[in-house]
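# Predicted coordinates and the sequence they were generated for:
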Amino acid sequence: MRGMGIGMARRSRGLLCRYLMRSWFILVIPCLFLPFLFLQVSIFPPSQPRGFSPIPEVEYDSCTTTGPAFSLDDFSFCTGACRSTCFPRVRRLCISASEVTVCEMDLKKEQSSARGNLSGMEFSEEFVKSSQVELPTFMRFEGERLTLPLIHRSCERERVWIDGLSLVADQRFLPFNKPNPHHEAEKLIPATFLVQHYEAENITLYWFSQKEEVSDWANGFIKAVEMENSIKYVDLPRKHESPICFKDAIVLSAPTNVRYIPDQQRNEWLRRRVLQHCSIPIVNTSLSIEKAIILDRRNGPRHLANKLKVAEILYQALKVPVDIQLVGSGSFCHQVQKVTEGSLLLVPHGSQNVNLIFARPGAIVIEVFPFLFYNNALRNYTHAANVHIYPLLGVRPPGDILLWIFSLLGWDNCYYHVRLCKNYSRRQPIYVNLLELENFLTWIIKMVPMSLHFS
């Protein structure tokens, strides 16, 4: 028996050795390719994002379309004549613990009860379908932890309805315990414009959230524009509780990263109102750059890891004072004040940049992106602020092997097609490309008189 055991062990070792000898190339070939991959990533940087241009040849917000800044009809509320953003308007919207329902009623009764009907005209069923702005297919609540489908079906007639035109906002893009001023602004600013432009103080924004859950930025903005009496925080109904039903609702859920400020006139109105509320001097950018400010994030990822070296380069190139300030926390007015103090701002990509709608008109903003993470969202909500946004792509953090591997995908594949890569890259510290920054500052020094808007 003992001899049998020894023989079986020897045969097992022999089989393993023969398997390894036959498959040696499986182990060797990847090792041979690793040096080539290293050289590829080290010598040739990943392809740049499509549409990326550090110095845009054409102003991003150029527009020849003229028209009303706002429009409110039976089917939507829209802001802006150029690339307008429209929020859907729907009749008989009910929100329960399990679903969001659009209650389908008789078309003629629907027409007779419509508010804001265009000259009292009656609409055919085909016209109604073609004119409606597409509703979201779902809405999110409880800090994005609960997703409810939006469905169309008939409803029982004994429901209790909230009369009049209402604004209804969920918590889409607002994760639990992670307040986001950028996405909060996408709900609050359109609501402010609607109430103020149409002088409709009886319109209420029903926000399925709690006051304690929104950021200090949002609470301060609401006070600055005097919207406290126009916002009502509501809880999502629990199981077996009656749904909350709105006879006439404008839904502030999707979309995101859109142009919800229609033009420079309305942005300036909003800016002046906020600065006056915060007792901040209203100043436009002067003929020359007087001061440069690095606005780094106080909390969370995407902070500027080499900001001290960046400050040295800014000072050497511009010969002006350079301040490093931390943003992203503190009172609303404290956050707003920081973006109004300089005519050149260098900022990391992040939600705190929504404050740039209050920056000095004509200011130059350099937005630095994490390695492999790029979008143009900032230009969408600052297009009417009369500030000049210039993107700068970050470089790979030293020693980050995972980003070294992801760099083989390139910027677009990482951002649009590989979620693991996108989510990882957005959480990493940002290293400014110092050489590209120097080149850009050289260009700025030559073009300052042409690039700034003077008033």
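Perfect, thanks for sending it.
# Spatially central, which residue of this structure would that be?
Using CA atoms, centre = their mean, the residue of the chain that lies closest to the mean C-alpha position is Asn257, 4.8 Å off.
# I'd like to know how many residues surround the nearest residue to that residue once chain neighbours are set aside.
Take Asn257 and drop its neighbours on the chain: the residue closest to it by CB to CB, 6 or more residues apart in numbering is Ala377, 4.1 Å away. Where you see a C-beta, it was placed from the backbone N, CA and C, and this is true even at glycine. Neighbours of Ala377 under the rule other CB atoms under 10 Å: 16.
# these two touch, right, Ala377 and Val258?
No: taking CB atoms under 8 Å as the definition, Ala377 is not a contact partner of Val258, at 9.1 Å.
# what about the helices in the stretch 151-300 of the chain?
Across the stretch 151-300 of the chain, reading from the start of the chain, the helices by DSSP state H, counting those that start in this stretch fall at 181-197, 216-224, 264-277.
# For Ile357, see how far away Arg272 is.
Remark: distance between Arg272 and Ile357 (CB to CB, to the nearest Å) = 12 Å.
# try Leu295
Using CB to CB, we find Leu295 at a distance of 14 Å from Ile357.
# Can you pick out the residue with more neighbours from the two?
In this view Leu295 and Ile357 are compared by other CB under 10 Å, and Leu295 has more residues nearby, 28 against 23.
# so who does the more buried one touch?
325-327, 338-339, 345-347, 352 (CB atoms under 8 Å, 6 or more residues apart in numbering).
# With Val368 as the reference, measure out to it.
11 Å.
# Run through the bridge partners of the residue nearest to Ala292 when sequence neighbours are not counted.
The shortest distance from Ala292 to any residue that is not its chain neighbour, by CB to CB, 6+ apart, is 4.4 Å, and that residue is Leu344. Under the criterion DSSP bridges, Leu344 forms beta bridges with Ala292, Ile364.
# So Leu344 sits against Lys291, correct?
Yes: contact criterion CB under 8 Å: Leu344 and Lys291 qualify, at 7.5 Å.
# Between the two, which contacts overlap?
Both Leu344 and Lys291 are contacted by Val320, under the criterion CB under 8 Å, 6+ apart.
# more neighbours, these two?
Under the neighbour definition other CB under 10 Å, Leu344 and Lys291 were set side by side, and Leu344 has more, 23 against 14.
# Can you pull the phi/psi pair for Met139?
Phi and psi for Met139, reported as degrees, to the nearest 10, are phi -130, psi 160.
# Asn353 now?
phi -70, psi 0.
# Please apply the same query to Tyr390.
Tyr390 adopts backbone torsions of phi -130, psi 120, taken as degrees, to the nearest 10.
# where in the stretch 251-400 of the chain is pLDDT low?
286-287 (pLDDT under 70).
# just the strands in it please.
When secondary structure is read from DSSP state E, counting those that start in this stretch, the stretch 251-400 of the chain shows strands at 292-297, 322-327, 344-348, 364-369, 388-393.
# Would you format those as JSON lines with distance to His277 included?
Supplementary listing: the strands of the stretch 251-400 of the chain in JSON lines, determined by distance: least, CB to CB, whole Å:
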{"stretch": "strand 292-297", "distance to His277": "21"}
{"stretch": "strand 322-327", "distance to His277": "19"}
{"stretch": "strand 344-348", "distance to His277": "22"}
{"stretch": "strand 364-369", "distance to His277": "23"}
{"stretch": "strand 388-393", "distance to His277": "25"}
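# quick one: which of those is nearest Tyr415?
Closest to Tyr415 of the strands of the stretch 251-400 of the chain, according to CB to CB: strand 364-369, at 10.0 Å.
# And the contacts of the helix or strand containing Phe77?
Secondary-structure assignment from DSSP states H and E places Phe77 in strand 76-79. With CB under 8 Å, 6+ apart as the test, strand 76-79 has contacts from 69-72, 84-89, 132-133, 190, 193-194, 250, 259-262.
# most tightly surrounded among the helices of the stretch 151-300 of the chain?
helix 181-197 (a mean of 22; mean count of other CB atoms under 10 Å).
# confidence score at Ser23?
For Ser23, the pLDDT comes out at 55.
# ditto for Cys155
pLDDT, Cys155: 88.
# check contacts around it.
Taking CB under 8 Å, 6+ apart as the definition, contacts of Cys155 comprise 92, 94, 101, 103-104.
# Phe371 too?
Taking CB under 8 Å, 6+ apart as the definition of contact, the neighbours of Phe371 are 393-397, 403, 407, 425, 428, 430-431.
# which pair in those residues spans the largest distance?
With distance counted by CB to CB, no two of the contacts of Phe371 lie farther apart than Ser407 and Ile430, which are 15.3 Å apart.
# quick one, which of the two is more surrounded?
When Ser407 and Ile430 are compared for neighbours, Ile430 comes out ahead with 27 against 23, by other CB under 10 Å.
# isn't that one right next to Val368, touching?
Yes: counting by CB under 8 Å, Val368 is a contact partner of Ile430 at 5.5 Å.
# Common neighbours of the two, please.
The overlap between the contact sets of Ile430 and Val368 (CB under 8 Å, 6+ apart) consists of 304, 348-349, 394.
# quick one: which of these is nearest to Phe246?
In terms of CB to CB, no member of those lies closer to Phe246 than His349, at 36.1 Å.
# which strand of this protein spans the most residues?
Scanning the chain for the longest strand, with DSSP state E as the assignment, gives strand 85-95.
# isn't Lys187 right up against Val168?
No: counting by CB under 8 Å, Val168 is not a contact partner of Lys187; they are 9.8 Å apart.
# Mutual contacts of these two, please.
Taking CB under 8 Å, 6+ apart as the contact rule, Lys187 and Val168 both touch 205, 252.
# Break this structure into its domains for me.
What the record gives for the chain is the domain set 70-252, 285-451, from automatic domain parsing.
# next one: the shortest one to chain centre, how far?
Taking the mean of its C-alpha atoms, domain 285-451 sits 15 Å from the chain's own mean (CA atoms, centre = their mean, to the nearest Å).
# How about the first one?
Computed by CA atoms, centre = their mean, the chain-centroid distance of domain 70-252 equals 20 Å.
# picking that back up, okay, the domains of the chain, which one's buried deepest?
Between the domains of the chain, the one whose residues have the most neighbours on average, counting mean count of other CB under 10 Å, is domain 285-451 (a mean of 19).
# Now Pro391. Nearest residue, chain neighbours left out?
Excluding its sequence neighbours, the residue lying closest to Pro391 (CB to CB, 6+ apart) is Glu367, at 5.3 Å.
# That neighbour contacts Asn353, doesn't it?
Yes: with contacts counted by CB under 8 Å, Glu367 reaches Asn353, the gap being 7.0 Å.
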